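>>> Curious how this folds, go ahead:
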Amino acid sequence: MTTATTDERTLAELQREHGPALLHFLLGLTFGDRQRAEDLMQETLVRAWQHPEAFDAPYESMRPWLFTVARRLAIDARRSRRARPTEVSDAVLESAPAHENTADTAVRALDVRQAVRTLSPEHRAVLVQIYFRGLSVGETAEALGIPAGTVKSRSYYALRLLSRHLPGYSSRSSSSSSASRQTASATST
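As a prediction, this is how the structure comes out:
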C-alpha cells in the first residue's frame, strides 16, 4: 500500500510562494521565537506534503489552508508545553545551590552525638535546651531551675569541651590555645 504525497516540485513552489508570509505569521504566534516558528513552519509543510488532496481544494490559493494548519499546530504546541514541566537549561542548573551530601551530614551528626555524650549531664542539659530545643538563656535557666549566669557559663565550657572532641575543631582550638600560650609567655618574660 503506497501513500500518496505531494511531489517535490509542488512543495518547493508552495514554500517559495507562501514561506515568508507563513514564517511571519508563525513568528507572531510564537511571540518572536524564531526557532519555534521555523519548527512549526516545517511541520506545516510536512502536513502539506502528506495531504496532496489539499491542493485539489476549490481555493484560489493554498495560503488559507497553510495558515489554518500552522495556527492549529501552534495551539497544540503551546498546550503540550503547558501540560509538561518547564524545561531547565544548563544556566539554571549551574546557578542552583549545590545540595550537601547527606552522607557527610549524617557523619557529622553522629560525630556531634558522640561528642555530646562525653559531656557531664549538667553541660549536656544546657546545650540540649539552647541548641537542640532553641530556648533562650532565660528560658533555659527557668527550665533547668538554675541562674542565667550558670547557663551561660555551662554553655561556654561545654562548647569548649565539644571543640576538643569534634573532628576538624581540635586543630583550630589547639593552634589558638598554643598562640595564646606563646603570647602569655612573651608577656611574662
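>>> tell me, how many neighbours does Phe55 end up with?
Neighbour count for Phe55, taken as other C-beta atoms under 10 Å: 15. Placement of C-beta: from N, CA and C, glycine included.
>>> Touching, it and Met62? I think so.
Yes: look at Phe55 against Met62 with C-beta atoms under 8 Å: they come within range, at 6.7 Å.
>>> where in the protein is pLDDT low?
For the chain, residues meeting the criterion pLDDT under 70 lie at 1-3, 57, 86-89, 92-93, 96, 98, 100, 167, 169-189.
>>> can you rerun that using 80?
Across the chain, the ranges flagged by pLDDT under 80 are 1-6, 55-60, 84-101, 104, 108, 167-189.
>>> Could you check how far Val46 is from Glu94?
Distance of Val46 to Glu94, computed by C-beta to C-beta, to the nearest Å: 36 Å.
>>> Of those two, give the one with the bigger neighbour count.
The neighbour comparison of Val46 against Glu94 (other C-beta under 10 Å) goes to Val46, with 14 against 7.
>>> Determine the three-state secondary structure at that one.
Look at Val46: counting by DSSP: H, G, I helix; E, B strand; the rest coil, its state is helix.
>>> gap between it and Glu53?
Separation of Val46 from Glu53 (C-beta to C-beta) stands at 15 Å.
>>> now swap in Met62 and tell me
Met62 sits at a distance of 12 Å from Glu53 (criterion: C-beta to C-beta).
>>> Name the residue in the two with the higher neighbour count.
For Met62 and Glu53, the more surrounded residue by other C-beta under 10 Å is Met62, and the numbers stand at 18 against 9.
>>> Now the more buried one. Nearest residue, chain neighbours left out?
Distance criterion C-beta to C-beta, 6 or more residues apart in numbering; nearest residue to Met62, sequence neighbours excluded, is Leu14 at 6.0 Å.
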